[in-house]
Structures are given as structure tokens and as C-alpha cells.
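**Student:** got a sequence here, can you build the structure:
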Amino acid sequence: MSKITSFSNWPFHPGKSPFFYGWAIIVLGTLGITMSIPGQTMGVSTFTDSLIEALGMSRSELSFAYMCGTITSASFLTWVGAQYDKYGVRPIAILASVGMGITLLFLSQTDHIQGFLPDFLVGPVGNFLIMYIGFAALRFTGQGALTLVSRNMMMKWFEKRRGFAMGFSNVVTSLTFSSAPVLFEMLILDFGWKDAWLILAAVGGLGFPLIILFFFRDNPEKSGLKPDGDYQVKKNSKVNKFPVVKSYTLKDAMGNFAFWVFAMMLAMQAFYWTGFTFNVVSIFETGNYLRSTAISIFLPSSIIAVIVTLSVSSLSDHIKLKYLLYIMGIGSMTAVLGMILLNEWPWMLYVLIGGNGIMLGLYGVILSVTWPRFYGTQHLGAISGRAITFVVLGSSIGPIIFSESLSWTGSYDMAGWLCFVLFLFLTVAAYWANNPQEKYRKV
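**Tutor:** As a prediction, the model looks like this:
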């Protein structure tokens, strides 16, 4: 048992909870991921058109600033994972949450900040610098650090029932992420885009850090508990069909083929999804659809995502994860085809919604279960941090590729076919993406 420090159990001891505190961790970690939405492309996309109008930037210019800022944020995420392994969840999550609040405050004043720039920076260069700084900080704190440590905290409190437990988190995450554009759109309509960001800054930067301080906890061992709670004691150990025999370092994990296939599939999902959501209004306008139709597709996609998540979360504790990768790849290709053919046949709208739902429903499950099952939890922060780095890099490139596709060809089809080919390649490669622990269990 790890040494129990006073801070690990402040202001109350999780072991004195009337129920296994891991279930509270699932709720809290899910809340942490939900609070990161303003820093996710899903959250930024609703403000895209307002920023373009306020700053006088083109869609491609804003997408380029978004790409550069996101790439910058991604370069620090492996380091964040290592700090999480060293210092634990609370200090990193608090800094990330406060940092995101400050960043949202900064972004809400972007049009006023222009007035403080020296004359030689007024114009496109100054606009780029403003949005680059804002996007880099927002993506680092929200999509990066806060999401990373919240998800890792949940994964460490469960082992044999990790898929089952994370299923609850993934369901809520699917609903909140898919519903966020509708909520943010309401805030913008009621208060304006600037005040909408100020409201989100107050909630995320002032209120949520207090929840982190009082209720977030690191490994259950630091509180004298065990992963899964009493379940580990009462049930036969054979229930765990995928025991971890060897704990991998980041270097070891990156030398494994499965790491790259899973990480690249998740990165491709981010590439497509951010490119799609960042330009969703424009994508639908090219097909002669209304803005309201573009925003409305997220809710039905979230319902499908919830159904998929509920169906596969517990199942993931009992089957090889590469099977889920097959389904995710097929769902992603279906979504891309729906987007490409949206202008040809109106019923492709439902194909797009269904494919997005399948893809989103599997994303959270695969991201949550893969790394601790394949590589153990000793270096989970560094390994998951590197995987998230690729995800964030994918999300940085997607919007600019989609925007440039429109600029060069007058449609988003070129970007769509690129996504389709890459998803197809990774779906085939998944056949060889086996759990590296298997070869050690056979010895």
C-alpha cells in the first residue's frame, strides 16, 4: 500500500464514504471533462462566425490561427501527463481550470485588445497573434490538461470493471458534448458571444476549482482503498480477462504497433470531427441548409452515441478492443460519406447523423479503456498524454484542411475523401492491433 499522505485525504477521507468512492470519482471526472467543453472544438465552433465578424478575419485565417495554437498546445501534453504522474490530479486540474477561465476572459475581449496593439501589428498579423495566443491557451487548458487528468483519475479507480464504470462517464460525455453547441448557441442569442464566454469563464474558472480542491482524489491506494472497491475482494480474480502483466514506459508503448493504430484512429476522429464542427454551418450552407439545421444535428447524434456507449462499455471488459476499432472505423467512414453526399440526396443527412453517433459513442470507450489495459497505470499519464498529443494535433489540422478544401474547390468533398481513405487504412490496420499483454500472459 502506498504511503497515505494527509493531503490525499483532505478535507475528508474517501474510505469513510458510505459507498465506494470510485463512483464519486466517475461523476467528478465526468464533470471535469464536461467543464473542458469551452476548450474543445465542439465549444469553439459555435463562436467561429462571431469571431470572424468581430475581427474581420476570413475563415481560412481563423482556421490557421486555430491550427497553430492547437499544435502549440499539443507539444506540452506529454509533459502535462508526466506532471500528473508526479504530482497527482488536484494541482494540475486546478491550474488547468483556472487557466481556462482566464483564457475565456481574454477571448471575450479580443475585439477590444486590437485597440492596444502597436500600429505595425494592426490588421491581419495582429488578429492572428491575438487568436493564436487565445486558441493555444484554450486548447492547452481545456481540451488538453483538464480532459487528460480527469479521465486518467477515473481510470485509476477501476480495473476489472473499468469499461463498465467508464460507460457512465462516456454516456454523459456524449450527451453534453453533442448538446453543447445548442446550449452555447442559446447563450449567444440571449447574451451575445462576449458575455456567453464570460459566463463560461466564471463557472469554469471560479466555481469548478473549488470542486476539484475538495472532492478530486488520486489513486485509491493513497486512501487505503483498492481499485473496484469490494468487488475485487468478493469476486474471483478470473473476472479480469485482461490482466496487466507488464507495465510499459512511454518509450516501450511507442514501440508497440497497437499504440500507433489506436492513437492514429483517435487522432483521425479528432481530425474529421473538428474539421466538421468548426465549419459545420458553412458545410450545411453549401448544401442549401439553414444554420438551425446544422446546429440541430448534434442532439440526435448524441442520442445514438449514448445508445452505442451503453451497448459497448460493459462489453469492452470482455472482448478484444480491436473489434471496437473496426466498428469505429466503419462508423467514421459512414459519417464522411454522409457529409460528402449531403448535397446529392437529402436522406444522407440521416446517414451523417448515424455515422457521427457511432463514431462519438466509441471514441470515449476506446480512449478510456485502451491505455491502462494495454500498458498499465504506472506511466499512464505520460502514455495517455502522448496519445492525446496526437489527438490534439489531429484536431488542429482538421479545420484548416476543411477550410482550404472549400477555398480551393468550392466544396468540402476533397477533405471528406481524404478522411475516408485514412479511416479505411486504419480500419484494415486494426486487424494487427493486438493487446501487447497477450504475449506475456502466454509465457
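**Student:** what residues sit buried inside stretch 181-195?
**Tutor:** Going by neighbour count (16 or more other Cβ atoms under 10 Å), the buried part of stretch 181-195 is 181, 184, 185, 187, 188, 193, 194. In short, each C-beta sits where N, CA and C put it, glycine included.
**Student:** swap in stretch 92-108?
**Tutor:** 92-104, 106-108.
**Student:** repeat that for stretch 402-412.
**Tutor:** Applying 16+ other Cβ under 10 Å to stretch 402-412 flags 402, 403, 404, 405, 406, 412 as buried.
**Student:** over to stretch 84-94?
**Tutor:** For stretch 84-94, by 16+ other Cβ under 10 Å, it's 84, 85, 88, 89, 90, 91, 92, 93, 94.
**Student:** what about it, start to end distance?
**Tutor:** Length of stretch 84-94, first residue to last, Cα to Cα, to the nearest Å: 12 Å.
**Student:** pLDDT on it, on average?
**Tutor:** Across stretch 84-94, the average pLDDT comes to 92.
**Student:** try stretch 175-192
**Tutor:** Rounded mean pLDDT across stretch 175-192 is 86.
**Student:** CA atoms of it as PDB?
**Tutor:** This file holds the C-alpha atoms of stretch 175-192, laid out as PDB (Å, rounded to 0.1, in the frame of the first residue of the first chain):
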ATOM      1  CA  LEU A 175     -24.700  13.900 -24.300                       C
ATOM      2  CA  THR A 176     -23.000  17.000 -23.000                       C
ATOM      3  CA  PHE A 177     -20.600  17.300 -25.900                       C
ATOM      4  CA  SER A 178     -23.200  16.800 -28.500                       C
ATOM      5  CA  SER A 179     -25.600  19.200 -26.800                       C
ATOM      6  CA  ALA A 180     -23.100  21.900 -26.100                       C
ATOM      7  CA  PRO A 181     -23.500  23.700 -29.400                       C
ATOM      8  CA  VAL A 182     -27.200  24.100 -28.800                       C
ATOM      9  CA  LEU A 183     -26.600  25.400 -25.300                       C
ATOM     10  CA  PHE A 184     -23.800  27.800 -26.400                       C
ATOM     11  CA  GLU A 185     -26.000  29.000 -29.300                       C
ATOM     12  CA  MET A 186     -28.700  29.800 -26.700                       C
ATOM     13  CA  LEU A 187     -26.200  31.700 -24.600                       C
ATOM     14  CA  ILE A 188     -25.000  33.700 -27.600                       C
ATOM     15  CA  LEU A 189     -28.600  34.600 -28.700                       C
ATOM     16  CA  ASP A 190     -29.600  35.600 -25.200                       C
ATOM     17  CA  PHE A 191     -26.400  37.400 -24.000                       C
ATOM     18  CA  GLY A 192     -24.200  37.900 -27.100                       C
END
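**Student:** let me know the closest of the buried residues of stretch 402-412 to residue 296.
**Tutor:** residue 412 (18.9 Å; Cβ to Cβ).
**Student:** would you mind measuring from that closest one to residue 66?
**Tutor:** With the distance defined as Cβ to Cβ, to the nearest Å, residue 412 ends up 16 Å from residue 66.
**Student:** tell me the two of the buried residues of stretch 92-108 that are most distant?
**Tutor:** 92 and 108 (24.9 Å).
**Student:** thinking again about what came up before, could I get the buried residues of stretch 402-412 as TSV with distance to residue 205?
**Tutor:** Shown next, in TSV, are these (distance: Cβ to Cβ, whole Å):
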residue	distance to residue 205
402	30
403	30
404	34
405	36
406	35
412	35
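**Student:** helices - which of the buried residues of stretch 181-195 land there?
**Tutor:** If you go by DSSP state H, these have 181, 184, 185, 187, 188, 193, 194 in helices.
**Student:** where does residue 419 fall, phi/psi-wise?
**Tutor:** phi -60, psi -40 (degrees, to the nearest 10).
**Student:** residues near it, how many?
**Tutor:** Using other Cβ atoms under 10 Å, residue 419 is surrounded by 28 other residues.
**Student:** what residues are up against it?
**Tutor:** 268, 271, 272, 275, 332, 336 (Cβ atoms under 8 Å, 6 or more residues apart in numbering).
**Student:** repeat that with 6 Å
**Tutor:** Residue 419 makes contacts with 272, 336, as judged by Cβ atoms under 6 Å, 6 or more residues apart in numbering.
**Student:** kindly report the same for residue 139.
**Tutor:** 39, 69, 70, 73.
**Student:** try 7 Å
**Tutor:** By Cβ atoms under 7 Å, 6 or more residues apart in numbering, the contact list for residue 139 reads 39, 69, 70, 73, 392.
**Student:** again, but for residue 266
**Tutor:** So residue 266 contacts 363, 366, 367, 387, 391 (Cβ under 7 Å, 6+ apart).
**Student:** quick one: secondary structure of it?
**Tutor:** helix (DSSP: H, G, I helix; E, B strand; the rest coil).
**Student:** please tell me how far it sits from residue 38.
**Tutor:** Applying Cβ to Cβ to residue 266 and residue 38 gives a distance of 21 Å.
**Student:** with residue 267 instead?
**Tutor:** Residue 267 is 22 Å from residue 38, by Cβ to Cβ.
**Student:** what about those two, which has more around it?
**Tutor:** Neighbours per residue, other Cβ under 10 Å: of residue 267 and residue 38, the larger number sits with residue 38, 28 against 24.
**Student:** the more buried one and residue 406, how far apart?
**Tutor:** Here residue 38 is placed at a distance of 26 Å from residue 406 (Cβ to Cβ).
**Student:** do residue 348 as well
**Tutor:** Taken as Cβ to Cβ, the span from residue 348 to residue 406 is 18 Å.
**Student:** show the contacting residues for the residue nearest the centre of the chain.
**Tutor:** Centroid check for the chain by Cα atoms, centre = their mean gives residue 143 as the closest residue, at 5.9 Å. Listed by Cβ under 7 Å, 6+ apart, the contact set of residue 143 reads 36, 39, 40, 392.
**Student:** can you pull out the strands in this structure?
**Tutor:** For the chain, applying DSSP state E gives no strands.
**Student:** show me where pLDDT drops low in it?
**Tutor:** 1-7, 117, 119-120, 122, 230-240, 440-443 (pLDDT under 70).
**Student:** what's the burial count for residue 241?
**Tutor:** So residue 241, with other Cβ under 10 Å, has 11 neighbours.
**Student:** for residue 285, same thing?
**Tutor:** With neighbours defined by other Cβ under 10 Å, the count for residue 285 comes to 14.
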